[in-house]
Structures are given as C-alpha cells and as structure tokens.
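Q: any chance you can model this:
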Amino acid sequence: MKKAGLIICLLLLIGCKSKTISRDTEDLKIKKVVSSEISSAQQQKAYDLGKRVLETCNTSKFKPFNETEVTQSVMENTTEERLTKTCQKFRQYYGSFIDLKLDGVYKTKQETIYRYHALYTKKVANKELRVFVNEDNLVSAIKSMDWDEKFESQITD
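A: Numbering: from 1, shown residues only. Just a heads-up that it's a prediction; the model follows:
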C-alpha cells in the first residue's frame, strides 16, 4: 500500500510541471528620457505624491490617496499604519525629510519611472524614491530604497 501511494505521488509530481511564461524583452527595457519630453503635469504629480508620502514622516499625518491619483493596489498598500512603521525607522536613522531631488526620468514599455534622491537632515542618508506612473497617468508604485549607484548601467539607449 505504501508503494502504491509513493508511486501515485511521484506520478502527480511528474505530471505537474510548472508553466513557462514568455515575456517580451521590450517589456523589461528601461530607457532614459529627457524630462522635457514628459508632461510637466505628470512630473509634478509624481513629485507631489512622492513628497506627500515622505513628509508623513515629519508631520505624522497622511492625506490618503484617491482613485484619480494612484492605482487601487497603491491605495490599499499605502496605509497610515505601514507609513508610521516605516517613518519611525527613517526618522531614527536619517533624521527629518527635507525634499526630493529629481535624478532622472526613465521609460519602460508600460510606465514612466521618476527617480528621486531623497534628502534628509542626517548626512548618512543616501536614499532614493522611485515613483512609477502607468499609461493611465496613475501612480502604480512608490518605492523607497538605498541609493543605487549602478542603476544607470542597467539603462539601454
């Protein structure tokens, strides 16, 4: 009986192979664009929403996003509780948030990526904020991370 069960399990494992997903490499390519080629309204929106998130760390008050600004997933993931938790760490290590400095604008097939250098009062802070805007002019992601010096080397012309 044990052998029969083992054989059935092996047959199930062999029969359940993973699907391969083919993606067009064009979807993954990132190209740098001149900021003058991008709508100034979109640029301002990316800056304002990115700054709103990081200023929450200074004020402890977050004005929630709405459906005309961000995608549903960003609205669901950007909660006051999550921001408070992140802000506590940021204020402790980096000090108060000062401003965002645009470092570059990049395009993929589906999104425009705004890469900002996040400026804090403590000089040890070397953080970046990436704001992703989709084709519907909605912010589809906001990511804060350590500054990546090698980011430019990943860009295709």
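Q: for the protein, which helix is longest?
A: Ranked by residue count under DSSP state H, the longest helix found in the chain is helix 40-59.
Q: export whatever helix or strand comes next after that helix to PDB, keeping only CA atoms.
A: Sequence-wise, the next helix or strand beyond helix 40-59 is helix 72-77, with elements assigned using DSSP states H and E. Taking only C-alpha atoms (Å, rounded to 0.1, in the frame of the first residue of the first chain), the coordinates of helix 72-77 have been written out as PDB:
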ATOM      1  CA  GLN A  72      -6.100  50.600  -6.400                       C
ATOM      2  CA  SER A  73      -3.100  48.500  -5.200                       C
ATOM      3  CA  VAL A  74      -1.200  51.600  -4.200                       C
ATOM      4  CA  MET A  75      -4.200  52.900  -2.300                       C
ATOM      5  CA  GLU A  76      -4.500  49.500  -0.400                       C
ATOM      6  CA  ASN A  77      -0.800  49.200   0.400                       C
END
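Q: tell me the mean pLDDT for the following helix or strand past helix 72-77?
A: Of the helices and strands lying after helix 72-77 in sequence (DSSP H and E), the nearest is helix 80-94. Per-residue pLDDT values over helix 80-94 give a mean of 89.
Q: touching helix 80-94 from outside, list them.
A: Contacts made with helix 80-94 from outside it, assessed by CB atoms under 8 Å, 6 or more residues apart in numbering, are listed as 53-54, 56-57, 60, 62, 64, 97, 120-122, 124-125, 127, 144. Yep, even glycine has a C-beta here, placed from its N, CA and C like the rest.
Q: can you say which of those are buried?
A: When neighbours are counted using 16 or more other CB atoms under 10 Å, the contacts of helix 80-94 contain these buried positions: 53, 54, 56, 57, 62, 97, 120, 125, 127.
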